[in-house]
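Visitor: any chance you could fold what I've pasted below:
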Amino acid sequence: MDFDQDARRLATDLRDADTAVVLTGAGLSAASGIPTFRGDDGIWGDDFEESDFHVSRFERDPAGFWDDRIALYDRMEPDGGAEPNAAHRALATLTNSGILDAVITQNTDGLHHAAGTDEVIELHGTNARVVCPRCGSTTDGEPIRERARAGELPPRCECGGPYKPDVVLFGELLPRDAHRRAKELTAASDVFLVAGSSLRVDPAASLPARRRGGTLAVINLERTRYADSADYTFRTDVTELLPELADRLSGER
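Guide: The predicted structure is shown next:
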């Protein structure tokens, strides 16, 4: 693969596209100090198991769930907090300038919003909020996490229901509106870009298969299941290629 030539061609395809979207995964936030869930250094199978964060565990044992959840937050939060990296900022530039129509993300860390991206579809929800399954109310997540750290397990809503992080747990469906919008944009896309996702977790990982033609580009350090069918496959760091694409396209539309 001629890396520079393919990067130039992809930039041209993005510039000419009527509709272009990106799907991002945990690899995008790795440069911000947030560990990935899968892979050699992933969280699952190390300190935690997926079953610890299944919706049935929350329903059966909300106190134990929150005890593990606080440990997970502490494991994932880098010293000094997580900040958007060059890849987040590049996608904000591409989206807010109209090159990309939306960022569809599997991440729950809120870094796309922090980078200033106008159009973010959070397929797996966000750690920025908690929700009460009993009454449906939502509130800022950080004060609730502090209550849990102080020993309130589980932290409870005013109605008495246990708060749940407003993220998709194992065993839960994706948010209906977010999933619908992601499928619509994918089907309409002339360019579908995957950045920092291992494409192992469905249904998000199946989005590329919903394209009705168009260009598929994958930027990920590890091989993905679409490596052989993608028009472009870049086994490189997203913090290098995405800023290059944003620089090439800056001011073009």
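
Visitor: quick one: the strands in the stretch 101-250 of the chain, in order.
Guide: 102-105, 120-122, 125-131, 138-140, 164-167, 191-195, 215-219, 232-234 (DSSP state E, counting those that start in this stretch).

Visitor: rounded mean pLDDT for the first one, please.
Guide: Just to be clear, that refers to strand 102-105. Averaged across strand 102-105, the pLDDT comes to 98.

Visitor: that strand packs against which elements?
Guide: Packed against strand 102-105 by the contact rule (3 or more C-beta pairs under 8 Å, 6 or more residues apart in numbering; DSSP states H and E) you find strand 20-24, helix 86-96, strand 120-122, helix 176-188. Heads up, the C-betas are built off the backbone N, CA and C, glycines and all.

Visitor: which one of those lies nearest to A205?
Guide: With C-beta to C-beta as the criterion, A205 lies closest to strand 20-24 of the helices and strands packed on strand 102-105, at 8.7 Å.

Visitor: now the following helix or strand past that closest one: buried residues?
Guide: Following strand 20-24 in sequence order, the next helix or strand is helix 55-60 (DSSP states H and E). Across helix 55-60, burial judged by 16 or more other C-beta atoms under 10 Å covers V55, R57, F58.

Visitor: try stretch 188-203
Guide: Quick answer for stretch 188-203 (16+ other C-beta under 10 Å): 188-199, 201.

Visitor: and stretch 132-150, by the same measure?
Guide: In stretch 132-150, counting by 16+ other C-beta under 10 Å, buried: C132, G141, I144, R145, R147, A148.

Visitor: out of these, who's nearest R15?
Guide: Closest to R15 out of the buried residues of stretch 132-150 is G141 (38.0 Å), distances taken as C-beta to C-beta.

Visitor: isn't that closest one up against G125?
Guide: No. Taking contacts as C-beta atoms under 8 Å, G141 lies outside contact range of G125: 10.5 Å.

Visitor: neighbours of L216, just the number please.
Guide: By other C-beta atoms under 10 Å, 19 other residues sit near L216.

Visitor: actually G160, not the one I typed
Guide: 9.

Visitor: could you pull up the residues touching it?
Guide: R134 (C-beta atoms under 8 Å, 6 or more residues apart in numbering).

Visitor: state the pLDDT value of it.
Guide: Reported pLDDT at G160 in the predicted model: 97.

Visitor: now it: phi and psi?
Guide: phi 100, psi -10 (degrees, to the nearest 10).

Visitor: now it: how far from V238?
Guide: Going from G160 to V238 by C-beta to C-beta, to the nearest Å gives 44 Å.

Visitor: rewinding a little: so what sits against both of G141 and G125?
Guide: If you check G141 and G125 against C-beta under 8 Å, 6+ apart, the residues they both contact are P165, D166.
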